[in-house]
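A.B. asks: fold the following.
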Amino acid sequence: MTDLFWLSDAQMARLELYFPKSHGKPRVDDRRVLSGIIFINRNGLRWRDAPSEYGPHKTLYNRWKRWSDKGVFARIMAGLAAEHGEETTVMIDATHLKAHRTASSLGVKKGGRGRLIGRTKGGMNTKLHAICDSRGRPIDLFPTAGPVSDYIGARALISRLPNVKWLLGDRGYDADWFREALQDKKIRPCIPGRKRKTPVRYDKPRYKRRNRIAIMFGRLKDWRRVATRYDRCPKTFFSAIALAATVIFWL
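C.D. replies: Prediction:
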C-alpha cells in the first residue's frame, strides 16, 4: 500500500525525547507502532482494521492504551508546543466534539471523575478549549463536558498564558474578571463586548486574525477519532487530540 503513514527520521528524533524508558524486554519497533497508531486515529478505524504493515493490532492498541494512561502523548504535545516562541499574540476559543454512542452510552463508574461528556443542543458532546499562537498552532488544550461555559475554560487556561502583548477572543469571553486578569498579566484584550451601557472598544483589524484558531480546530477535526469521540476514557480521548495536534502542527 502506498497511502500508509510513516514517521520520518527527523520526526522520530523529536519524539524520542519524550518516550518512556523501556524496562526489561525491549519495545517493538517504535516507528512502526507509532505510525500505525497515527494512521488509526487519523482515519477513525477500529484497531482490528489496522493494515498488516503496522504489525499486530493488539500491539498497536496496547501501546496506545498504556501510553495514554501514562499521559505520554499529552506530554509530547506540551513539550513541543513549549518551543512556540510567541511574543506578540495568542488566541482563545472552544469547539464541540461529537460523542459517539459507544463513548456516552454507559453510566459513569462509581467513584469516577466522569467522562467529560454532556448534552447540548447538538447532542452529546465534549468541549475543547484552546490557546493558540499567532500562526494558529495550539499551545494549550483543555477538555470539558459539552455544556461547560467558555468562562470555565478561560479560568483553567489563563494561568498558563505565555508572556505576550495581545489576546484575541470572541464576545463569549467578555467578562470583567477576565479582562482584569489579562491586565494583571499585562496582556491587552482584543475582545468584542456584549450588550453594555458603555460599548467596548477593540481593534477590529487585529480581531480579524482570530480566524486562525477556527482553522486550527478544523484541521484537528480532519482526524476522524477527534471529530467523533469513540473513547469512553477522557484521558484516552485527550491523547487522540494531543497526538493530532502534535503531528499536524509541531512535527
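
A.B. asks: number of residues surrounding Arg119?
C.D. replies: If you count neighbours by other C-beta atoms under 10 Å, Arg119 ends up with 13. Every residue, glycine included, has its C-beta placed from N, CA and C.

A.B. asks: swap in the one 5 residues further on?
C.D. replies: Around Met124 there are 20 other residues, counting by other C-beta under 10 Å.

A.B. asks: who does it bridge with?
C.D. replies: Per DSSP bridges, the residues bridged to Met124 are Arg119.

A.B. asks: please apply the same query to Leu141.
C.D. replies: Bridge pairing for Leu141 - DSSP bridges - gives Ala130.

A.B. asks: any idea how far Ala74 is from it?
C.D. replies: Plainly put, Leu141 is 9 Å away from Ala74 if you go by C-beta to C-beta, to the nearest Å.

A.B. asks: shared neighbours, the two?
C.D. replies: Counting by C-beta atoms under 8 Å, 6 or more residues apart in numbering, the shared contacts of Leu141 and Ala74 are Phe238, Ala242.

A.B. asks: doesn't Ile152 lie inside a strand?
C.D. replies: No - applying DSSP: H, G, I helix; E, B strand; the rest coil, one finds Ile152 to be helix, outside a strand.

A.B. asks: domain ranges for this structure?
C.D. replies: 9-70, 86-230 (automatic domain parsing).

A.B. asks: most remote residue from the chain's center?
C.D. replies: Lys197 (36.8 Å; C-alpha atoms, centre = their mean).

A.B. asks: which residues does Leu168 bridge with?
C.D. replies: The partner residues for Leu168, given DSSP bridges, come to Met91, Cys190.
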